[in-house]
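Participant: Give me a model of this one.
(one chain, ligands or ions: 2)
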Amino acid sequence: MSILSSKLEFLKGIGPAKADLLKKELDIHSVEDLLNHFPFRYVDKTKIQKIAELTGDEDYVQLKGYITHFQLLGSGRGKRLVGQFTDQTGIIELVWFQGIKWIAETINKNTEYILFGRLTEFNRKYNIAHPELELTQSNNTKSTFLAPVYSSTEKLNSRGLDAKAQRRIIKQLLEKISPADLPEVLPQYIVEKLKLISRFHSFQYIHFPPESAYLQAAQNRLKFEELLCMQLKILQFKNRKQAITKGYVFEKVGETFNEFYAKHLPFELTNAQKKVIKEIRKDIGSGKQMNRLLQGDVGSGKTIVALLSMLIALGNGYQACLMAPTEILAQQHFQSIEELVKPLNISVGYLSGSVKGKTRNQVLAALKAGHLKILIGTHALLEDWVEFEKIGLAIIDEQHRFGVKQRAALWSKSAIPPHILVMTATPIPRTLAMTLYGDLDVSVIDELPPGRKDIKTMHFNESKRLRLIGFMREEIAKGRQIYVVYPLIEESEKLDLLDLQNGYEALLREFPMPDFQISVVHGKMKPEDKEYEMARFVNKQTQIMVATTVIEVGVNVPNASVMIIEHAERFGLSQLHQLRGRVGRGADQSFCILMTSYKLSSDGKERIKIMCETNNGFIISEADLRLRGPGDIEGTRQSGLFGLNIADLAKDGAILTTAREIALRILDQDPELKDPRHLVTKRFLDKRFKELQDWSSIS
Ligand code: ADP
Ligand code: MG
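Facilitator: Residues are numbered from 1 along each chain as shown. Ligands and ions are numbered 1, 2, ... in the order given. Reported below is the predicted structural model:
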């Protein structure tokens with residue numbers, strides 16, 4: 001039996017109590033888990049900062065010095081231990097809120113430590129809460145500059161399993177392991193081609209790198225292994241899904257499309273739009289069922305792509321539908337599409353929860369009889385009683401408002417599932433698209449129609465409020481409309497609403513009736529009231545719209561040219577970008593003004609800076625991923641399913657791209673991994689993704 005499947009107690013220094021603790025605190029159940037408990041960083045003893053040289057912009061710092069004295073402050077829940085740490089160039093405060101007794105007993109004064117921690121500034125003084133401290137002398141492995149640091153918890157620390165103890169135990173474990181315990185799991189020819197180091201060596205070096213080149217080689221190999229396995233699994237899933245679901249074949253482009261394209265297209269398509277239509281055409285003509293994600297920044301012209309795709313369906317004798325997340329958006333699509341196809345004499349219908357009685361019955365009957373060719377609406381389209389004669393293509397706009405369930409509901413509308421095109425204006429970083437939508441094909445419109453003026457983005461704080469009001473007056477005098485957006489989050493809902501209310505009242509004083517009209521829309525209003533207020537703005541009855549982020553998705557008011565975002569520092573990057581996309585839709589110069597408080601966190605500063613620098617949604621989404629990490633981005637918790645232990649979707653895009661290419665090539669030749677060269681990998685995949693049998697639930 002391999003040592004890897006042994007119980008933890010097998011190791012010296014781990015008794016039943018400690019084994020139990022490791023299970024509870026770190027989810028480590030076996031020797032193999034322990035081996036996969038990688039250091040989260042390495043202490044590089046050569047890189048020590050000086051207190052006097054800190055600027056306050058550092059997030060984490062590593063210092064060398066000693067604690068001159070401790071002090072116990074506060075009582076009850078406010079009780080804390082404060083230590084003064086100095087490196088001769090300056091003094092910094094250390095604070096502990098938990099484990100106080102243990103710290104006071106184990107940390108010595110006037111003894112040299114290497115300190116690592118997150119720097120914060122408070123009352124113009126630096127401090128570090130719960131720093132990691134390590135004796136300078138304790139590093140007995142003299143040859144190494146990179147000592148591993150393992151994540152730990154207060155409990156583990158106080159019960160003899162701190163980072164140092166973990167280091168000792170893992171070192172002991174590695175000495176017992178031989179290459180036979182960690183055989184290769186990647187095809188040998190790939191290991192050779194990519195010059196990867198062996199699996200055995202990568203485990204040795206990831207824990208105890210003799211120097212940084214070894215560490216890099218180990219990380220590179222282990223990340224590649226993880227990402228390749230993930231891609232193989234995703235692509236196999238995609239292939240299997242496609243093998244079992246046949247799609248309609250739209251053999252020709254058809255008369256409908258051709259006539260529209262030749263005579264009624266209102267503008268020349270951009271190259272990006274042309275490219276995407278070709279990709280779609282190829283899919284729907286191929287006999288497989290299309291499942292395509294269309295990404296394109298706000299204003300990039302997805303609607304016309306949707307319409308042209310629907311016309312192909314019509315030309316092949318099928319019906320098509322387009323679904324939007326809100327009534328206003330659906331209405332806007334309906335109006336613009338009906339207008340566009342008027343000369344073709346195509347019947348277009350509209351359906352939503354508010355279409356009732358006779359009108360509704362007429363729509364439903366015409367749909368079932370096949371007279372109605374295009375149906376546009378809200379999620380009401382998904383209801384059971386909506387029956388098509390022959391639905392060939394379903395398009396979903398703004399996909400992040402629709403769940404997976406709704407996508408599945410579309411499938412059941414017909415014996416053979418219709419082709420599905422999902423359109424989203426929230427650019428998804430490439431790496432995430434390959435992961436979360438790895439089973440969808442992705443098309444990108446990466447070019448805006450010509451002649452768009454870039455939106456000018458500016459950062460203001462309270463001292464410029466008067467100037468802002470003056471600017472708003474000028475724009476309104478030119479006949480433009482203005483959005484003023486406030487954040488609203490559940491945790492501080494009451495305060496946020498109050499804030500919006502105050503802002504609204506202040507604006508009423510500056511822009512009094514009857515010369516000015518202001519709309520207000522927020523999430524706490526009844527849907528009817530919301531729609532009413534939105535409609536007033538859309539119809540130009542009001543000049544200013546004060547709102548929470550409910551306007552984030554969708555409304556198209558080309559006459560609105562100013563977007564003011566209050567407390568902009570509280571919004572995430574992609575949200576800011578979505579909001580900004582509400583303006584810049586007409587011929588006029590548009591503006592986005594980010595109002596913030598004076599003091600911003602370093603992340604907040606960075607976000608505002610990026611917004612002022614670029615209008616490119618893809619650059620912004622990459623920056624968002626970098627700043628927040630993948631865990632926080634909508635929908636990415638799914639990536640946890642792949643059990644990524646070392647690869648980081650925010651940083652390892654290049655490795656992921658290679659992994660995907662290689663996975664594609666492997667499966668192209670050997671879809672079921674039956675080739676003897678791939679057998680080790682197949683076995684490893686089966687074991688690694690044992691729990692992932694039912695994949696349909698995550699796409
Ligand atoms: P989105 O991708 O945000 O849905 P739309 O489809 O609403 O964008 O298009 C935004 C605006 O750009 C619309 O007014 C549309 O008519 C116009 N538009 C789209 N494509 C082109 C093009 N190739 N040339 C000029 N204008 C275009
Ligand atoms: Mg749109």
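
Participant: contacting residues around the closest residue to ligand 1 within the stretch 101-250 of the chain?
Facilitator: Nearest residue of the stretch 101-250 of the chain to ligand 1: F250, at 22.1 Å (C-beta to the nearest ligand atom). Where C-beta positions appear, they are placed from N, C-alpha and C, glycine not excepted. By C-beta atoms under 8 Å, 6 or more residues apart in numbering, the contact list for F250 reads 281, 284-285, 312-313, 315-316, 318, 392, 419.

Participant: mind checking the SS state of it?
Facilitator: Secondary structure assignment for F250 (DSSP: H, G, I helix; E, B strand; the rest coil): coil.

Participant: Could you do R167 as well?
Facilitator: helix.

Participant: doesn't Y150 make contact with it?
Facilitator: Yes. In this structure R167 lies within contact range of Y150 using C-beta atoms under 8 Å: 6.7 Å.

Participant: For L673, list the residues it contacts.
Facilitator: L673 makes contact with 232, 666-667, 679, 681-682, 685, according to C-beta under 8 Å, 6+ apart.

Participant: do you know how far it is from S414?
Facilitator: Taking C-beta to C-beta, to the nearest Å as the measure, L673 falls 34 Å from S414.

Participant: For ligand 1, what's its nearest residue on the stretch 1-150 of the chain.
Facilitator: D59 (36.1 Å).

Participant: before we move on, back to that, quickly name whichever of the contacts of F250 is closest to L54.
Facilitator: Using C-beta to C-beta, H419 is the member of the contacts of F250 that sits closest to L54, with 57.9 Å.

Participant: Could you pick out the buried ones from the contacts of F250?
Facilitator: 281, 284-285, 312-313, 315-316, 318, 392, 419 (16 or more other C-beta atoms under 10 Å).

Participant: So which of the residues you listed belong to helices?
Facilitator: Under the assignment DSSP state H, the buried ones among the contacts of F250 contribute 281, 284, 312-313, 315 to helices.

Participant: What residues does the protein have near ligand 1?
Facilitator: 267, 269-270, 273, 296, 298-304, 425, 449 (C-beta under 6 Å from any ligand atom).

Participant: Only whichever of those are buried, select them in ChimeraX.
Facilitator: Applying 16+ other C-beta under 10 Å to the residues of the chain next to ligand 1, the buried members can be selected in ChimeraX as follows:
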select :269,270,273,296,298,299,300,301,302,303,304,425,449
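
Participant: farthest pair in the residues of the chain next to ligand 1?
Facilitator: Those two in those that are separated most widely, counting by C-beta to C-beta, are F267 and A425, at 19.4 Å.

Participant: my read: Q319 touches G392, true?
Facilitator: Yes. Assessed by C-beta under 8 Å, Q319 is found in contact with G392 at 6.4 Å.

Participant: Now do the shared contacts for those two.
Facilitator: Joint contacts of Q319 and G392 (C-beta under 8 Å, 6+ apart) are A313.

Participant: ok, what's across the strand from G296?
Facilitator: Following DSSP bridges, G296 is listed with bridge partners I445.

Participant: mind checking which helix or strand of the chain has the lowest mean pLDDT?
Facilitator: Lowest on mean pLDDT, DSSP states H and E among the helices and strands of the chain sits helix 404-411, with a mean of 62.

Participant: give me the number of residues near T435?
Facilitator: Counted with other C-beta atoms under 10 Å, residues neighbouring T435 total 26.

Participant: what's the pLDDT at it?
Facilitator: Turning to T435, the model gives it a pLDDT of 71.

Participant: wait, it sits on A650?
Facilitator: No. In this structure T435 lies outside contact range of A650 using C-beta under 8 Å: 11.4 Å.

Participant: Can you report how many residues lie near the residue nearest to N127 when sequence neighbours are not counted?
Facilitator: By the measure of C-beta to C-beta, 6 or more residues apart in numbering, the closest residue to N127 outside its immediate chain neighbours is E93, 3.9 Å from it. Using other C-beta under 10 Å, the number of residues around E93 comes to 17.

Participant: what sits opposite E93 in the beta ladder?
Facilitator: Beta-bridge partners, per DSSP bridges, of E93: Q84, N127.

Participant: Go ahead and confirm it touches A129.
Facilitator: No. The pair E93 / A129 is not scored as a contact, 9.4 Å apart, by C-beta under 8 Å.

Participant: in this protein, which segments are predicted with low confidence?
Facilitator: 1, 45, 137-145, 399-412, 427, 436-439, 550-555, 629-643, 691-699 (pLDDT under 70).

Participant: what does the longest strand anywhere in it contact?
Facilitator: Criterion DSSP state E: the longest strand present in the chain is strand 60-73. Residues outside strand 60-73 that contact it (C-beta under 8 Å, 6+ apart) are 43-44, 47-51, 54, 79-88, 91-92, 94, 100, 104, 107-119, 128, 136.

Participant: What does D446 show for phi and psi?
Facilitator: Torsion angles at D446 (phi, psi; degrees, to the nearest 10) stand at phi -110, psi 30.

Participant: Could I get the full set of helices for the stretch 351-500 of the chain?
Facilitator: Under the criterion DSSP state H, counting those that start in this stretch, the stretch 351-500 of the chain contains helices at 357-369, 404-411, 430-436, 465-477, 493-510.

Participant: Buried deepest among these, which one?
Facilitator: Most buried of the helices of the stretch 351-500 of the chain, by mean neighbour count (mean count of other C-beta atoms under 10 Å): helix 430-436, with a mean of 22.

Participant: which helices and strands does it pack with?
Facilitator: When contacts are defined as 3 or more C-beta pairs under 8 Å, 6 or more residues apart in numbering; DSSP states H and E, helix 430-436 packs onto helix 212-244, helix 617-628, helix 653-669.

Participant: could I get those helices as a markdown table with distance to G74 and mean neighbour count?
Facilitator: Converted to a markdown table, the helices and strands packed on helix 430-436 look like this (distance: least, C-beta to C-beta, whole Å; neighbours: other C-beta atoms under 10 Å):
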| stretch | distance to G74 | mean neighbour count |
| --- | --- | --- |
| helix 212-244 | 42 | 19 |
| helix 617-628 | 33 | 20 |
| helix 653-669 | 46 | 16 |
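
Participant: Nearest to Y205, out of the ones you listed?
Facilitator: Going by C-beta to C-beta, the one of the helices and strands packed on helix 430-436 nearest Y205 is helix 212-244, 3.8 Å.

Participant: Could you point out the helix or strand that follows that closest one?
Facilitator: On the C-terminal side of helix 212-244, the closest following helix or strand by DSSP states H and E is helix 255-259.

Participant: quick one: buried residues of that following helix?
Facilitator: Neighbour-count burial for helix 255-259 [16+ other C-beta under 10 Å]: 256-257.

Participant: Show which residues not belonging to it make contact with it.
Facilitator: Counting by C-beta under 8 Å, 6+ apart, 308, 311-312, 314-315, 344, 346 sit against helix 255-259.

Participant: can you check stretch 223-240 too?
Facilitator: By C-beta under 8 Å, 6+ apart, stretch 223-240 touches 185-186, 194, 196, 199, 434-435, 438-439, 642, 644-648, 652, 655-656, 658-660, 662-664, 666-667, 671, 673, 681, 684-685, 688-689, 692, 695, 699.
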